[in-house]
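Chemist: coords please:
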Amino acid sequence: MKEKLDQAFEALKTYDWGVDPEVLKPIDEAIVATHSDPAARKDLEQRLIAALNTDLPQPAKGAVCRALRIIGTAAAVPALAGMLTDEKLSHMARFALERIPGPEACAALLVALPKSAGKIQLGIISSLGMQGEPAAVAPLASLLGNADPLIAAAAACALGDIGTADAAKAVTTANPTPATQAALADATLVCGEKLLAAGDKAAAKAAYKKILANTPTALVKDAAFRGVEMASK
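Modeler: So this is what the prediction gives:
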């Protein structure tokens, strides 16, 4: 198996669009084989990190990021963080960072957030929401009044995904504009659902009532009324 794995890592150096992905299969097999062997898995992760730090073709970097999404730890964060502001590589790095446990991955995304713009920043905002780390609430809340309605709406959506009481407070106290009102209402509904699931009925009820005070659409109003009923039981 070692020989095949060595060949797969060698193949990464020239792996490009159109190359048979079977040449990288030994890496996938090694991920499965090291599931219950922490030392071997750590060695595999270190090899993947080392490969990522070389001048690999874009498709090869994508393959490495997919592998790190499964076995990556805080040790992989610095290599992935270096890709976050690269237009061609950012989505690959985020794909891995979203699944790496611990505060390090969130911290890397937060560092990259103000350094990015446009689609890259939208992607980073989305990844912060998917991670669900409370540390992201304040930075995301600061974007709710962004001049770009897409950024503001994305921040609202991410706060809804995080769904803590602080996230709910952020979306319910933000000043809605015609371009962000729907996103803020949706985020508040999602926060309410998560707070109810966590047993925080008081915070959930406050979030739903805030929606009702903002003259929502009929559909949102109905959902908020149902939320108030659930939180009142």
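Chemist: Show the average pLDDT along the helix ranked longest in the chain.
Modeler: Taking DSSP state H as the criterion, the chain has its longest helix at helix 181-197. The pLDDT scores in helix 181-197 average 94.
Chemist: Tell me the buried residues in that helix?
Modeler: Neighbour-count burial for helix 181-197, with 16 or more other CB atoms under 10 Å as criterion, is recorded at 181, 183-196. No exception for glycine: its C-beta is placed from N, CA and C like everyone else's.
Chemist: Equivalent analysis for stretch 99-114, please.
Modeler: Buried-residue list, stretch 99-114, by 16+ other CB under 10 Å: 100, 104-110, 112-113.
Chemist: How about stretch 199-218?
Modeler: 200, 203-208, 210-211, 216.
Chemist: follow-up on the earlier one: what are the contacting residues of the longest helix of the chain?
Modeler: 144, 152-153, 156-157, 159-161, 163-165, 167-168, 171-172, 174, 176, 201, 203-204, 207-208, 210-211, 214, 216-217, 220, 223-224, 227, 230-231 (CB atoms under 8 Å, 6 or more residues apart in numbering).
Chemist: what do you get if the cut-off is 6 Å, keeping everything else the same?
Modeler: 153, 156-157, 159-160, 163, 167-168, 171-172, 174, 176, 203-204, 207-208, 211, 216, 220, 223, 227, 230 (CB atoms under 6 Å, 6 or more residues apart in numbering).
Chemist: quick one: what helix or strand has the most centrally placed residue in the chain in it?
Modeler: Geometric centre of the chain, nearest residue: S127, 2.0 Å, by CA atoms, centre = their mean. Assigning secondary structure by DSSP states H and E places S127 in helix 118-131.
Chemist: For that helix, buried residues please.
Modeler: 120-129, 131.
Chemist: try stretch 143-154
Modeler: 143-144, 150-154.
Chemist: repeat for stretch 12-32
Modeler: For stretch 12-32, by 16+ other CB under 10 Å, it's 12, 15, 23-24, 26-27, 30-31.
Chemist: Also stretch 33-40?
Modeler: Buried residues in stretch 33-40 (16+ other CB under 10 Å): T34.
Chemist: And for it, what's in contact with it?
Modeler: Contacts of stretch 33-40 (CB under 6 Å, 6+ apart): 41, 44.
Chemist: which residue packs closest to A60, ignoring adjacent ones?
Modeler: Y15 (4.1 Å; CB to CB, 6 or more residues apart in numbering).
Chemist: So which of the buried residues of stretch 143-154 are in helices?
Modeler: Judged by DSSP H, helices contain the following of the buried residues of stretch 143-154: 150-154.
Chemist: Using CSV, please lay out the residues you listed together with pLDDT.
Modeler: Putting these into CSV (pLDDT from 0 to 100) gives the following:
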residue, pLDDT
L150, 96
I151, 97
A152, 97
A153, 96
A154, 97
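Chemist: right, and the helix or strand after the helix holding S127?
Modeler: helix 137-141.
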